[in-house]
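One predicted model, sequence on top.
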Amino acid sequence: MADARAKESNLHRNILIGLILGAVLGVVANRVVADSPDGREVLAWALRNVVDPIGEIFRRLLVLVVVPLVFASLSLGVARLGDLSQLGRIGAKTFGYFLVTTTFAVVIGLALVQWISPGTQLSPETRQGLEQQFRGAATERLSRPAEFGISTFVNIVPDNPLRAAVEMQMLPVIFVALLVGIGLTRIDPAKSRSVQQVLEGIGELTLFIIHLAMRVAPVGVFALIFSTSAKFGFELLQSLGLYVATVLLGLSIQMFGVFPILLTVLGRMNPWLFFRRIRTVILTAFSTSSSSATLSTSMAVAQEELKIPKPLAGFVLPLGATMNMNGTALFEGVTVLFLCQIFGRSLAFDEQIIVVLMSVLIAIGAAGVPGGSIPLLGMVLATVGIEPGAIAIILGVDRLLDMCRTTVNVTGDLTAAVYVARSEADRPAQPEMDAA
Ligand code: ASP
């Protein structure tokens with residue numbers, strides 16, 4: 001046991017070293033080649049042929065287990081929870097928590113952006129320069145379909161569950177897993193038992209694969225962070241510094257102010273302990289910028305480190321990775337108002353409420369992949385009368401913000417799981433849960 005703990009803590013240390021080394025060497029490489037076209041070419045070659053493939057393999061190792069892991073743990077979880085009223089109660093708590101914390105995050109963002117007012121400090125020349133530089137990238141991002149409407153809800157019910165699994169559409173996969181879980185409590189117990197055994201086996205196997213993947217995490221994290229910082233336009237940080245600072249301040253308030261309060265009051269857990277136990281998840285979210293790629297790690301950490309019962313982790317975390325994005329919502333709110341400030345468009349109170357509502361909806365609808373919320377951001381901008389292409393202004397710093405908001409998104413999912421687990425444990429006699 002002590003040996004396992006020591007190994008774990010070595011792994012954490014090595015991942016952290018990978019992250020710091022990746023960031024430092026990436027920045028150095030970025031600076032060294034800044035004035036040399038030949039150097040830039042060599043760096044681009046090394047990134048394309050060595051560093052990016054390593055990072056991509058690591059990301060894929062994490063993602064490849066997501067569908068079977070979510071399916072197995074959720075359907076098994078529901079089967080063990082037994083009756084539908086439990087499921088309804090847990091579902092209501094989970095969604096209630098998601099909605100309240102996401103709304104809170106947007107409100108923090110809006111309050112900060114009004115107070116700091118970064119948009120009024122940006123000179124028209126800088127704005128035009130940024131628009132020109134990133135116009136192409138913005139058009140490309142916005143050309144990806146960003147549909148959000150009634151079809152988003154209809155699509156939760158798949159016509160072909162295998163296609164949903166193959167295309168990694170998590171909400172339909174969750175829907176089918178719920179149906180299967182409920183079915184397992186209704187069919188002949190002998191047959192149900194054998195299906196459950198297979199699902200249990202799949203769950204164990206996926207955890208085994210996640211642990212293998214985490215062994216190469218120090219190298220994977222190094223590659224991802226090196227690549228991001230080597231490509232990053234640091235000069236942009238100067239012109240967009242105040243905007244970046246506003247987003248980061250908001251994310252820090254949510255992460256180190258709101259979450260600890262919720263953990264203490266609702267989850268009755270020491271926040272310090274919580275953050276220590278979820279270190280791997282934080283590092284993975286930060287380096288991959290993807291809630292989906294972090295899901296397998298957070299499922300393992302929730303069960304093994306936070307001791308959250310499997311059925312609850314299997315229910316709350318996959319839903320959270322797809323629908324609960326506190327950091328993204330905060331980022332959307334700040335960005336919309338920042339761009340409004342730049343274009344001298346002041347929003348009335350009711351328009352600000354619309355921004356809050358749309359930011360919350362977009363946080364639900366955005367895909368948990370790097371930059372997943374950007375196409376939807378264009379939609380909110382159009383609603384408040386700003387040309388969607390204006391996202392070009394912030395695109396150059398988006399990756400840095402994405403890393404930070406994804407970390408907040410995923411941490412928010414884990415706080416939700418802690419809250420739901422605590423409130424369920426506080427209920428009188430839960431035999432099914434204890435057995436799980
Ligand atoms: N990258 C974010 C996530 O995966 C989504 C976004 O805000 O673009 O959680």
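Structure's in. What do you need?

Which residue is the nearest non-sequential neighbour of residue 372?
Once flanking residues are discounted, residue 372 sits nearest to residue 366: 4.6 Å by C-beta to C-beta, 6 or more residues apart in numbering. All C-beta atoms are positioned from the backbone trio N, CA, C, and that covers glycine.

Pull the number of nearby residues for that neighbour.
Counted with other C-beta atoms under 10 Å, the neighbours of residue 366 add up to 25.

what does residue 382 give?
12.

Once you drop chain neighbours, what's closest to it?
Nearest residue to residue 382, sequence neighbours excluded (C-beta to C-beta, 6+ apart): residue 388, at 5.4 Å.

next one: residue 314
Closest residue in space to residue 314, ignoring its immediate chain neighbours: residue 73 at 3.1 Å, by C-beta to C-beta, 6+ apart.

Please, which helix or strand holds that neighbour?
In the assignment (DSSP states H and E), residue 73 maps to helix 66-81.

Return the set of buried residues in the one helix or strand residue 238 maps to.
Taking DSSP H and E as the definition, residue 238 sits inside helix 234-239. Under the neighbour-count criterion of 16 or more other C-beta atoms under 10 Å, helix 234-239 has 236, 239 buried.

go on, stretch 97-108?
In stretch 97-108, counting by 16+ other C-beta under 10 Å, buried: 97, 98, 101, 102, 103, 104, 105, 106, 107, 108.

contacting residues around the fifth one?
I take that to be residue 103. 329, 356, 360 (C-beta atoms under 8 Å, 6 or more residues apart in numbering).

Apply 10 Å and report the result again.
Contacts for residue 103 (C-beta atoms under 10 Å, 6 or more residues apart in numbering) come out as 326, 329, 356, 357, 359, 360, 363.

Find the nearest non-adjacent residue to whichever residue of the stretch 151-300 of the chain sits closest to the ligand, please.
Nearest residue of the stretch 151-300 of the chain to the ligand, counting by C-beta to the nearest ligand atom: residue 291, 3.5 Å away. Counting by C-beta to C-beta, 6+ apart, residue 291 lies nearest to residue 368, which is 3.2 Å off, once chain neighbours are set aside.

How about the residues of the stretch 251-400 of the chain by the ligand?
289, 290, 291, 325, 328, 366, 368, 369, 370, 371, 372, 373 (C-beta under 6 Å from any ligand atom).

Could you identify the least confident member of those residues?
Lowest pLDDT among those: residue 366, with 84.

Residue 329 is in contact with that one, correct?
Yes - using C-beta atoms under 10 Å, residue 366 and residue 329 qualify as a contacting pair, with a distance of 9.1 Å.

picking that back up, if I look at the residue nearest to residue 314, how far off is the ligand?
Separation of residue 73 from the ligand (C-beta to the nearest ligand atom, to the nearest Å): 20 Å.

In this structure that residue contacts residue 206, no?
Yes - the criterion here is C-beta under 10 Å, and residue 73 meets it with residue 206 at 8.4 Å.

Neighbours of residue 219, how many?
Residue 219 - counted by other C-beta under 10 Å - has 17 other residues nearby.

just the CA coordinates of the helix or strand containing it, formatted as CSV?
Under the criterion of DSSP H and E, residue 219 resides in helix 217-231. Output of helix 217-231 as CSV, limited to C-alpha atoms (Å, rounded to 0.1, in the frame of the first residue of the first chain):
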residue,chain,number,x,y,z
ALA,A,217,1.9,10.9,-19.0
PRO,A,218,5.2,12.8,-18.0
VAL,A,219,6.4,12.5,-21.6
GLY,A,220,2.9,13.1,-23.1
VAL,A,221,2.4,16.2,-21.0
PHE,A,222,5.8,17.5,-21.8
ALA,A,223,5.1,17.1,-25.6
LEU,A,224,1.7,18.9,-25.4
ILE,A,225,3.0,21.8,-23.3
PHE,A,226,6.2,22.2,-25.3
SER,A,227,4.3,22.3,-28.5
THR,A,228,1.8,24.9,-27.2
SER,A,229,4.3,27.2,-25.7
ALA,A,230,6.7,26.9,-28.7
LYS,A,231,3.9,28.0,-31.1
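
Okay, buried residues for it please.
Of all the residues in helix 217-231, those buried under the rule 16+ other C-beta under 10 Å are 217-230.
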